[in-house]
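A.B. asks: Sequence first, predicted coordinates after that:
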Amino acid sequence: MKKVLLVLLVMALFLGITFATDFNFKGSFRTRTIDYKNPVEGFNEFGYDTVSVIDSRFRLYTNAVFSENIKAVLGFEIGDFKWGDEGHNHDFKNVETKRAMFVFIPDFLRNITFTVGLQGYTDQFQASVFDEDIAGLLIEPKLESFNIKAGLFNYTDDDVMDENSHTFALIDISKQLNNLNIKSSLYYDDIRNERVTMYLGGGADYTLDQIVIGGHLLYMTRSYETDGVEDITGYFAYTYGEYSMDKFGLRVNFGYTPSDDNTYFEGVEPYAESYGLEYAYQGPVNDSNGLIEDYGTMGQMVLSAKAEYDFLYATFGIINTTNSGIDDKRFGNEFDLGIKKEITEGLTFKAVYAYFMPGNFSGPDTDNAHEFSTQLKYKF
């Protein structure tokens, strides 16, 4: 009898919490196709120089709001699974945890929001340093004069894994002054017994009617624990201008990172998409095969321009390396032609053809390359 009463009590408590909690959901389903050729023959483990792949992904995020001061977020992802991969359509084990975090405001600190657990973080500078899911603590004080975030994240722990502990810390500050947004950040990345990297960044964005201009400068310094290994310094400078009117839009991007024996720029978990180039970088349609995955390790000077009208767009980019030890610094040029169209509410279709013309950086006999990608994505 006591066991039955205990079970009933637990059930009553669970139902009480459930009905007192406000649940809401959001997520997306995406299917992509890609057909591309790499400029270097036999570039992958199969020795093929042309690849055609279809993949799908499903994401679901659940918010459990217990009160105005506390909520929990759980998110998971299935995929990306490639069509034709063995077992993909029956019991395929590729479920990932994307979010598992608690967000709360203590009664004694009403102006501070704490986020604890597995969460997503993207830096303020075009994902030049970090754009990934990571476990840790994020603190956001609510201030009238400016916005601030401070975080401490645990990438790897030597008490959990057989690797050196890897810690990432940040301070983001931003302030809105009418049409001007000013931002600055300090990032600290420590791989114990190996190296310590620090980033100091600043930037601004200014909006005037249909015109937006902005940019940033990120400075990096890295020191190694190993004797005899010299320190590394580098920076990433980026600027852009954007104009829009009715269905027409134009955006120009320029970025520069130097490269020498002890000079280069390297992010922690960057996501290089700000140039809008589908083939050379992580493109807006399919980001699975970018030739370049960051903004600076080989030294880069990039100029790109995108013009769009309604659902059509065209992008052109010029990519050069800045490494002082390379005579011919022409990495390549790229031209993209694409479409982006909402089929129905929440469902968007994208398609792009990218043509990459490599320079002598890859060798004098390197052929031109292409990519044709499509994406069908529903967000709810």
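C.D. replies: Perfect, I can see it now.

A.B. asks: Now for this structure, the helix or strand with the poorest mean pLDDT.
C.D. replies: Counting by mean pLDDT, DSSP states H and E, the weakest-scoring helix or strand in the chain turns out to be helix 2-19, with a mean of 46.

A.B. asks: Give the bridge partners for E371, please.
C.D. replies: Counting by DSSP bridges, E371 is bridged to Y36, A354.

A.B. asks: again but with Q176, I slipped
C.D. replies: With beta bridges defined as DSSP bridges, Q176 has these partners: N181.

A.B. asks: That one: neighbour count?
C.D. replies: 12 (other Cβ atoms under 10 Å). All C-beta spots, glycine's among them, are computed from the backbone N, C-alpha and C.

A.B. asks: what's the strand or helix carrying S28 in contact with?
C.D. replies: Element membership for S28, per DSSP states H and E: strand 22-37. The list of residues contacting strand 22-37 from outside it, by Cβ atoms under 8 Å, 6 or more residues apart in numbering, reads 49-65, 75, 80, 279, 285-286, 288-289, 367, 369-380.

A.B. asks: how about the CA coordinates for that strand, as PDB?
C.D. replies: Output of strand 22-37 as PDB, limited to C-alpha atoms (Å, rounded to 0.1, in the frame of the first residue of the first chain):
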ATOM      1  CA  ASP A  22       4.900  26.200 -20.700                       C
ATOM      2  CA  PHE A  23       6.500  24.100 -23.500                       C
ATOM      3  CA  ASN A  24       7.300  25.400 -27.000                       C
ATOM      4  CA  PHE A  25       9.100  23.900 -29.900                       C
ATOM      5  CA  LYS A  26      11.100  25.000 -32.900                       C
ATOM      6  CA  GLY A  27      13.300  23.300 -35.400                       C
ATOM      7  CA  SER A  28      14.100  22.600 -39.000                       C
ATOM      8  CA  PHE A  29      14.300  19.900 -41.600                       C
ATOM      9  CA  ARG A  30      16.800  20.200 -44.500                       C
ATOM     10  CA  THR A  31      17.700  18.100 -47.500                       C
ATOM     11  CA  ARG A  32      20.700  19.100 -49.800                       C
ATOM     12  CA  THR A  33      22.200  17.900 -53.000                       C
ATOM     13  CA  ILE A  34      25.700  18.600 -54.200                       C
ATOM     14  CA  ASP A  35      27.700  17.700 -57.300                       C
ATOM     15  CA  TYR A  36      31.200  19.100 -57.300                       C
ATOM     16  CA  LYS A  37      34.700  18.700 -58.700                       C
END
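
A.B. asks: The helix or strand following it pairs with which strands?
C.D. replies: Following strand 22-37 in sequence order, the next helix or strand is strand 50-67 (DSSP H and E). Its sheet considered, strand 50-67 pairs with strand 22-37 (antiparallel), strand 70-82 (antiparallel) by DSSP bridges.

A.B. asks: and the shortest one, which residues are buried?
C.D. replies: Which is strand 70-82. Residues 71-77, 79, 81 are the ones in strand 70-82 that count as buried (16 or more other Cβ atoms under 10 Å).

A.B. asks: Using pLDDT, spot the least trustworthy of these.
C.D. replies: Minimum pLDDT across those is recorded for G79, with 79.

A.B. asks: Not counting its neighbours along the chain, what's nearest it?
C.D. replies: Nearest non-adjacent residue to G79, counting by Cβ to Cβ, 6 or more residues apart in numbering: R57, 3.4 Å away.

A.B. asks: my read: the one you found touches I78, true?
C.D. replies: Yes. Using Cβ atoms under 8 Å, R57 makes contact with I78 at a distance of 6.9 Å.

A.B. asks: Could you pull up the mean pLDDT of the strand holding S28?
C.D. replies: Here the average pLDDT along strand 22-37 is 92.

A.B. asks: quick one on the thing from earlier: between the strands paired with strand 50-67, which gets nearest to D205?
C.D. replies: If you check each of these against D205 by Cβ to Cβ, strand 22-37 wins as the nearest, at 26.7 Å.

A.B. asks: so how far is the closest one from its chain's centroid?
C.D. replies: Centroid displacement of strand 22-37 relative to its chain, using Cα atoms, centre = their mean, to the nearest Å, is 15 Å.

A.B. asks: So which bits of that strand are buried?
C.D. replies: Neighbour counts over strand 22-37 (16+ other Cβ under 10 Å) mark 27, 29-37 as buried.

A.B. asks: about what we covered before: now list the buried members of the contacts of strand 22-37.
C.D. replies: 49, 51, 53, 55-61, 63-64, 75, 279, 285-286, 289, 369, 371-378.

A.B. asks: Three-state assignment for the nearest residue to L291 once chain neighbours are set aside, please.
C.D. replies: Closest residue to L291 apart from its sequence neighbours, by Cβ to Cβ, 6+ apart: A280 at 5.1 Å. Assigned with DSSP: H, G, I helix; E, B strand; the rest coil, A280 falls in the coil class.

A.B. asks: Over to F361?
C.D. replies: For F361, the assignment made with three-state DSSP gives helix.

A.B. asks: That one contacts I326, doesn't it?
C.D. replies: Yes. The pair F361 / I326 is scored as a contact, 6.8 Å apart, by Cβ under 8 Å.

A.B. asks: Now do the nearest residue to I213 once chain neighbours are set aside, the pLDDT please.
C.D. replies: In space, and not counting its chain neighbours, I213 is closest to G241: 4.8 Å by Cβ to Cβ, 6+ apart. We have a pLDDT of 97 for G241.
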